[in-house]
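Asker: Whatever this is, show me its structure:
(2 chains)
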2 protein chains.
Amino acid sequence: MSREVVSHRDGHVYEFGPEMEPTYEAADGESLTIETIDSLNGAIQTDDDLLDAIPEEVNAATGPIAVEGASPGDVLAVEIEAVRVTEDVGRVLTAPGFGLLQDDPEIEHPATRITEVSDAAGEAGSGNAERDGVGGSDGDEAGRIDFEGIEVPIEPVIGTIGVATAEETISTLTPDDHGGNLDTTDMTAGATAYFPVFQEGAMLAMGDSKAAMADGEMCGTGAEIGTEIDVTLSVIEDPEVPIERPLVDTGNAVKTVASAETMEDAVELANGDVVRLLEHEHGFSRTEAYLFSSLVGGLEVSQVVDPQVTARNAVPSEYLSIPF
Amino acid sequence: MSREVVSHRDGHVYEFGPEMEPTYEAADGESLTIETIDSLNGAIQTDDDLLDAIPEEVNAATGPIAVEGASPGDVLAVEIEAVRVTEDVGRVLTAPGFGLLQDDPEIEHPATRITEVSDAAGEAGSGNAERDGVGGSDGDEAGRIDFEGIEVPIEPVIGTIGVATAEETISTLTPDDHGGNLDTTDMTAGATAYFPVFQEGAMLAMGDSKAAMADGEMCGTGAEIGTEIDVTLSVIEDPEVPIERPLVDTGNAVKTVASAETMEDAVELANGDVVRLLEHEHGFSRTEAYLFSSLVGGLEVSQVVDPQVTARNAVPSEYLSIPF
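Answerer: The predicted structure follows:
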């Protein structure tokens, strides 16, 4: 069976809400390719294109995709097989009132730097699907982007990825328990992301990819770029351990992912989720799980610039597995 | 020349201040072995030893060591060659009113778990000095600690490391611009830490080592343990780029280290310091340095539990070198 392609041209959203109309209906276990446009919808093409304010419609997320059989209380597994950049430029930029150093008088807001893709395609992962995108390597040689003469490896990140919410309607600029604008570098080829299902069909959508991004996304963007994303979608019914927030398995570590108004609150949620998983994995008391969480892996920053910030708690795979 | 040993028995401090009396006077370029006691001065030896409150005297830091020729405005380089555990147990614990999940009603405060060293010594790094400590491997095989039947590799961390302050007197429980209780996993064998010199002689002190610690140190401790630390101390006079806070070169990355009341403030300081280093390294404008900082490496959590929290901004070594 050929892999269906779901493009942002077929449908995209700027909000995750409790009621979403599917662009595509996928079977449980189906493999898809999802095409995403850059977070600014192509508005920034040269260094002279400046962003005077964050647009109301930003981070277009392709979808939503209804997954057959997904019901509230289930978990949706999104195996990310490959992320390929599909443009020959990315863009990294500041905008007024946005970013970690937005009050620094020596930093220009707005400012834009185009990052040209300087060689082979930004394949990350083991996929070898035919590509319409830039370049044509089979993934052994990742591409690079150029920032003012400095080459940076393309290590794509899916910035916005999530499912329909339990109740609220939440902009694709904001991360929360449903996922959304998580801006988490682990959301890339080789990882499997897990989301709580709040609504029938789960209603997965994703976009806002970057060719490269630092943990923290300090200036407010990575190198924003269009991508093709190969995924396989599976429903986990009645999970043994319910989850309230996203999880990601990178292959090397299992990480809880939590968003909140402050970093202090986000790391507390992420650690609390890890403690629950460690209790289940090892039969620990909650106290023991907490003590153990302070010895291995640890807290990580996803991003500190969105309307809510996002943190992770990583535990190496030898000490924690995905519980379903 | 044999390497001098400076022990906590020779002298230790519970505060970093502007005026400190040296325990030892080192030559510029001298190599030393520093012996440290565990952060709780041996008070916790079994699971039944509970910490009802954080003691007033905690994190004894061996020293201070005056380094010949170090003057205000200089930088002190501390090359950490080896960290060896010198006890057969570590201890990980909670105390009331302390730790990330201190308000979780299902987690006991206080609680203690002894982590026994289960095999060869916790040598990390390439040193092969004779040791009086536990075990006797030459470092090829790191030791392990046992947490309730789960083995965790010994990856020692120097929890408290710093120099005399500019003005304030600051407890060894608190990190700040002088270093102090940074609880940063990079402070280990193979790394070189750099501190701003605020007072004549710099007045280096260190202690509070852990056999293992998660980034974040969520419960408030790692596996607290006594260590021997081999270091070489060098003074960098009139550095080309002055520093206001600690830096660490791990060999793979250069990281700024910043402490503040909130994680938001700490990451802002750490990113601002990285931006200044990137400007110097690449001749970037401040805007360009900020944009570039959002593409590679990124923000990291050191600890979220001390009276001030500590964060890092890492930049891979291929993009940033120590500027002196």
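Asker: got the residues of the stretch 1-150 of chain A near chain B?
Answerer: Taking Cβ under 8 Å from any Cβ of the partner chain as the contact definition, the stretch 1-150 of chain A meets chain B at A:92-94, A:99-101, A:104, A:106-108, A:111, A:113, A:115, A:145, A:147-148, A:150. To be clear about C-beta, it is placed using only N, CA and C from the backbone, and glycine gets the same treatment.
Asker: Now with 7 Å, please.
Answerer: Residues of the stretch 1-150 of chain A lying close to chain B by Cβ under 7 Å from any Cβ of the partner chain are A:92, A:100-101, A:106-108, A:111, A:113, A:147-148, A:150.
Asker: These into JSON lines, with extra columns for secondary structure, pLDDT and neighbour count?
Answerer: Output for the residues of the stretch 1-150 of chain A next to chain B, formatted as JSON lines (DSSP: H, G, I helix; E, B strand; the rest coil; pLDDT from 0 to 100; neighbours: other Cβ atoms under 10 Å in any protein chain shown):
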{"residue": "A:92", "secondary structure": "strand", "pLDDT": "98", "neighbour count": "29"}
{"residue": "A:100", "secondary structure": "coil", "pLDDT": "98", "neighbour count": "26"}
{"residue": "A:101", "secondary structure": "coil", "pLDDT": "98", "neighbour count": "22"}
{"residue": "A:106", "secondary structure": "coil", "pLDDT": "98", "neighbour count": "12"}
{"residue": "A:107", "secondary structure": "coil", "pLDDT": "98", "neighbour count": "21"}
{"residue": "A:108", "secondary structure": "coil", "pLDDT": "98", "neighbour count": "17"}
{"residue": "A:111", "secondary structure": "strand", "pLDDT": "98", "neighbour count": "19"}
{"residue": "A:113", "secondary structure": "strand", "pLDDT": "98", "neighbour count": "20"}
{"residue": "A:147", "secondary structure": "strand", "pLDDT": "98", "neighbour count": "24"}
{"residue": "A:148", "secondary structure": "coil", "pLDDT": "97", "neighbour count": "14"}
{"residue": "A:150", "secondary structure": "strand", "pLDDT": "97", "neighbour count": "17"}
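Asker: would you turn the residues you listed into CSV with distance to residue A:42?
Answerer: Shown next, in CSV, are the residues of the stretch 1-150 of chain A next to chain B (distance: Cβ to Cβ, whole Å):
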residue, distance to residue A:42
A:92, 15
A:100, 26
A:101, 27
A:106, 30
A:107, 25
A:108, 22
A:111, 19
A:113, 17
A:147, 20
A:148, 22
A:150, 25
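Asker: Residue B:235: which of the residues you listed is nearest?
Answerer: For the residues of the stretch 1-150 of chain A next to chain B, the minimum distance to residue B:235 (Cβ to Cβ) is 30.7 Å, reached by residue A:106.
Asker: How much space separates residue A:265 from residue B:216?
Answerer: 14 Å (Cβ to Cβ, to the nearest Å).
Asker: Tell me which of these two has more neighbours.
Answerer: Neighbour count, other Cβ atoms under 10 Å in any protein chain shown: between residue A:265 and residue B:216, residue B:216 has more, with 29 against 16.
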